[in-house]
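Novice: Here you go, sequence then predicted model.
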Amino acid sequence: MTAVIRTEQLAKKFRASDALAGVTFEVPAGSAFLLLGPNGAGKTTAIKILMNLLEPTSGYAEVLGVDSRRLAASDRVEIGYVSENRQLPDWMRVGYFLSYCKGFYPNWNDDDAAELTRRFALPLDRPLKALSRGMRIKVAVAAALSYRPHLIVLDEPFGGLDVLVRDQLIESILERTPESTVFLASHDLSEIESFATHVAYIDEGKLRFVEELGALCQRFREIEVVLERPAALPDQLPSTWLNPEASSAVVRFTHSAYEPDQTDAEVRRTFSGIREISVRTLTLRSIFIALAKLAQMDPSR
């Protein structure tokens, strides 16, 4: 499958701080690729480099087969970019803004623009500066989808929006871009889990892993071990047992490399007097919380 976005050892330094440190990944065509990580991890820096809003300190980024540092207007007609902090011309009215955007995109579809205006209940005669944050995001998404770009880049677009608005936006994106690639950074994991195909986890500017969502959810499990009597955690535990904790006669941890038979044997070698072993699948949000908690406790991992 062709890569729509490709980075190789991408790095960005701000004075003495490494915002990105050797990040390498590929975004397959047609995927919904989630860039995941805590605040300050480097997600927005990576997106700004991809959009040629920042230059990398070193390394390479390619978007739609073009060096990101050389993205031209002719390339941008294939990219829909919506950012949480994207500036809109406040003095323009909504209708004028959409007409203004139309002039830049040869593939602009008036029917799509009209349908999105109706679906989002956009007030065409109202100035952008008078809109709520949620309504401004709707305007930006409507403008980005009306020319059906091959690549949609979303940087924290759903933060602070109510569930209904988030569902509206996601549904519109998926309906109007069935053959597009979606690349997004977001914390609204409950909604994104329903359509994401790939996940890259970045922390402190470093890429910790990148893989298909299905494979990620397969290897993460919450394990609960009920013992016959209270016991302290052993000093040495497998490195794949994340955030272990013991309470009375119950031990819990997140397993990051779950294999049914191997994990069962591993647990039984570690503890004696086991009454029960329970295994629970995890949502993407739960996996993210486990990884974020681990990073707080042990930044080296």
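Specialist: Everything's here; your move.

Novice: pLDDT below threshold where in the protein?
Specialist: By pLDDT under 70, the weakly predicted segments of the chain are 1, 160, 188, 296-301.

Novice: Show me the domain layout of it.
Specialist: For the chain, automatic domain parsing gives the domain ranges 3-216, 221-281.

Novice: which stretch among the ones you listed comes nearest residue 294?
Specialist: Of all those, domain 221-281 sits nearest to residue 294, with 5.1 Å by CB to CB. Bear in mind the C-beta positions are built from the backbone N, C-alpha and C, glycine included.

Novice: For the closest one, measure first residue to last.
Specialist: For domain 221-281, the first-to-last residue distance is 5 Å (CA to CA, to the nearest Å).

Novice: I'd assumed residue 34 was in contact with residue 200.
Specialist: Yes - if you go by CB atoms under 8 Å, residue 200 and residue 34 touch, sitting 7.2 Å apart.

Novice: how about the strands of the stretch 101-250 of the chain, start to end?
Specialist: Under the criterion DSSP state E, counting those that start in this stretch, the stretch 101-250 of the chain carries strands at the ranges 151-155, 181-185, 198-203, 206-212, 221-227, 241-247, 250-255.

Novice: Which secondary structure elements does the fifth one sit against?
Specialist: Put plainly, it is strand 221-227. On a contact count with 3 or more CB pairs under 8 Å, 6 or more residues apart in numbering; DSSP states H and E, strand 221-227 meets strand 250-255, helix 260-270, strand 274-281.

Novice: Need the winner for burial among the ones you listed.
Specialist: Burial among the helices and strands packed on strand 221-227, expressed as mean neighbours by mean count of other CB atoms under 10 Å, is greatest for strand 250-255, which shows a mean of 20.

Novice: ok and that strand relative to strand 241-247, angle-wise?
Specialist: Counting by axes from the mean of the first three to the mean of the last three CA atoms, to 10 degrees, strand 250-255 lies at 170 degrees to strand 241-247.

Novice: For strand 250-255, give me every contacting residue.
Specialist: Contacts to strand 250-255, defined as CB atoms under 8 Å, 6 or more residues apart in numbering, come from residues 219-227, 231, 233, 237, 240-246, 263, 271, 282, 287, 290.

Novice: Give me the buried entries from the residues you listed.
Specialist: With neighbours counted using 16 or more other CB atoms under 10 Å, these contain these buried positions: 220-223, 225, 227, 231, 240-244, 263, 271, 282, 287, 290.
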